[in-house]
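Undergrad: need a structure here:
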Amino acid sequence: MDSVTKDEKEETQASATMSKKQLRRQQRQEKWLSIKADVRAKEKQRKKRKRREALERGDVMAPTRKKLRTNTMAKSSCKTSVVIDCSLDSYMGEKDITKLVKQIQFCYSSNRRAQNPMQFHVTGVHGQTKARLESIGDYQNWDVNFTSKDYHEVFEKENIVYLSSESENTLQELDPNKAYIIGGLVDHNHHKGLCHSLAIEKGVGHARLPISEFLDMKTRKVLTINHVFDILLKYTEMKNWSQAFCSVIPQRKGAHVKQDVESSSQTDKQESETSSQTDKQESETSSQTDILLQESETRSKSGTQEYETSPQTGTQDCESSSQTGTQECEFSSQTDIQECESSSQTGTQEYETSS
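TA: Numbering: from 1, shown residues only. The predicted structure follows:
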């Protein structure tokens with residue numbers, strides 16, 4: 001009793017020292033803990049029901065965790081290497097480092113859900129970036145190639161293409177033998193042109209995404225790290241820059257495909273439809289020709305069988321007629337002999353009687 005009374009007194013004293021806001025927060029926490037198990041169980045049942053209804057409707061479901069674990073870069077047919085350069089730690093504060101790591105997580109999530117993931121590398125991991133990655137969990141078990149080395153130490157210099165919006169070179173297509181570097185810099189445009197100048201300084205290749213060639217944008221052509229990564233990922237799947245841009249760039253940027261690109265794509269679509277219709281007509285004509293040839297062959301075979309049957313029938317008729325004629329001839333000869341003998345006997349008898 002004394003111990004219980006002592007605990008109650010301590011709780012009362014603690015409550016007396018807490019503000020009203022702290023007391024409300026504590027009450028909400030206690031209420032949540034009391035209903036937490038029931039809420040989680042109901043949520044689990046709701047997800048199961050939702051998934052079952054989606055399967056009944058025939059909707060395309062997101063991949064399961066089990067499938068995601070088997071969908072690795074090693075099994076992928078896509079060998080394009082994309083690298084996030086995290087060696088720019090000193091140009092960012094703590095909040096920007098947090099955003100950088102979050103964008104790396106988005107890239108990893110997109111890549112592992114792709115049918116054929118790209119070869120994803122994160123280089124120059126040290127300092128604040130490494131500390132942040134370690135704080136969110138065991139990132140070393142991700143299907144990502146993390147290293148503290150710089151990108152030019154991992155890849156051959158001639159195979160490196162640093163992506164920068166300031167570059168005068170336009171990226172036309174992705175080469176599986178190249179490594180495409182995305183600068184791991186979240187600076188809100190405070191260090192404009194930094195990645196381009198660093199690429200020139202290190203003597204590596206550089207290029208920009210062909211945004212201006214395919215899109216008209218109302219805002220600046222500045223994209224986040226995960227947006228650039230997703231565009232490259234979509235291009236490996238679609239092999240079409242305009243479709244890759246439109247599927248990734250947010251609507252708030254007001255991006256739309258240029259008219260000449262749209263007309264060109266429509267022309268290609270019409271040509272494709274015309275070609276498919278022509279192929280279909282040729283296929284139908286070929287099918288009809290094959291049917292006529294088969295009918296002709298069937299008639300020829302039928303005529304040959306009739307011809308072969310006719311001589312056999314004629315031969316049988318002839319043989320039957322010959323046999324019948326022979327039998328009739330033999331019968332007639334026998335009749336004549338009998339008549340002759342009968343006539344001779346009658347004549348002899350008459351002669352003897354007369355005598």
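
Undergrad: give me the low-pLDDT residue ranges for this protein?
TA: 1-16, 61, 219-221, 260-287, 289, 296, 298-355 (pLDDT under 70).

Undergrad: how about the strands in it?
TA: 81-85, 119-123, 145-146, 160-163, 179-183, 205-207, 215-216, 256-257 (DSSP state E).

Undergrad: check which helices and strands the fourth one sits against.
TA: Using 3 or more C-beta pairs under 8 Å, 6 or more residues apart in numbering; DSSP states H and E as the contact test, the elements touching strand 160-163 are strand 179-183, helix 194-202, strand 205-207. For glycine as for every other residue, the C-beta is placed from the backbone atoms N, C-alpha and C.

Undergrad: same deal with the last one?
TA: In terms of contacts (3+ C-beta pairs under 8 Å, 6+ apart), strand 256-257 is packed against strand 215-216.

Undergrad: which neighbours in the sheet does the strand it packs on have, and how are they oriented?
TA: Sheet pairing for strand 215-216, assigned by DSSP bridges, gives strand 256-257 (antiparallel).

Undergrad: what does the partner strand contact?
TA: 214-216, 242, 246, 265 (C-beta atoms under 8 Å, 6 or more residues apart in numbering).

Undergrad: so how far is residue 209 from residue 176?
TA: As judged by C-beta to C-beta, to the nearest Å, residue 176 and residue 209 stand 18 Å apart.

Undergrad: neighbour-wise, which of the two wins?
TA: Neighbour tally, residue 176 and residue 209, criterion other C-beta atoms under 10 Å: the higher count belongs to residue 209, 23 against 12.

Undergrad: any chance of a markdown table for the strands of the chain, columns mean neighbour count and distance to residue 37?
TA: What follows is the strands of the chain, written out as a markdown table (neighbours: other C-beta atoms under 10 Å; distance: least, C-beta to C-beta, whole Å):
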| stretch | mean neighbour count | distance to residue 37 |
| --- | --- | --- |
| strand 81-85 | 25 | 40 |
| strand 119-123 | 22 | 38 |
| strand 145-146 | 16 | 37 |
| strand 160-163 | 23 | 49 |
| strand 179-183 | 24 | 44 |
| strand 205-207 | 19 | 55 |
| strand 215-216 | 17 | 50 |
| strand 256-257 | 16 | 50 |
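
Undergrad: for residue 64, which of the ones you listed is the nearest?
TA: strand 119-123 (21.1 Å; C-beta to C-beta).

Undergrad: any chance you could list what contacts that closest one?
TA: 73, 76, 78-87, 104, 107-108, 111, 143-151, 153-154, 179, 184.

Undergrad: do stretch 154-174 as well
TA: With C-beta under 8 Å, 6+ apart, stretch 154-174 has contacts from 80-81, 83, 85, 121, 123, 147, 151-152, 177-183, 192-193, 195-196, 198-199, 203-210, 213, 221-222, 228, 232, 235-236.

Undergrad: could you name the stretch from the helices and strands packed on strand 160-163 that's closest to residue 99?
TA: Once those are compared by C-beta to C-beta, strand 179-183 is nearest, at 13.8 Å.

Undergrad: about what we covered before: and the furthest pair within the contacts of strand 256-257?
TA: So, those by C-beta to C-beta: farthest apart are 216 and 265, at 15.0 Å.

Undergrad: hmm, who's touching stretch 104-112?
TA: Outside stretch 104-112, the residues that touch it by C-beta under 8 Å, 6+ apart are 68, 71, 73, 84, 117-118, 120, 122, 133, 136, 142-144, 184, 225-226, 229-230, 233.

Undergrad: make it 6 Å
TA: Stretch 104-112 is contacted by residues 68, 117-118, 120, 142-144, 226, 229-230, 233 when judged by C-beta atoms under 6 Å, 6 or more residues apart in numbering.
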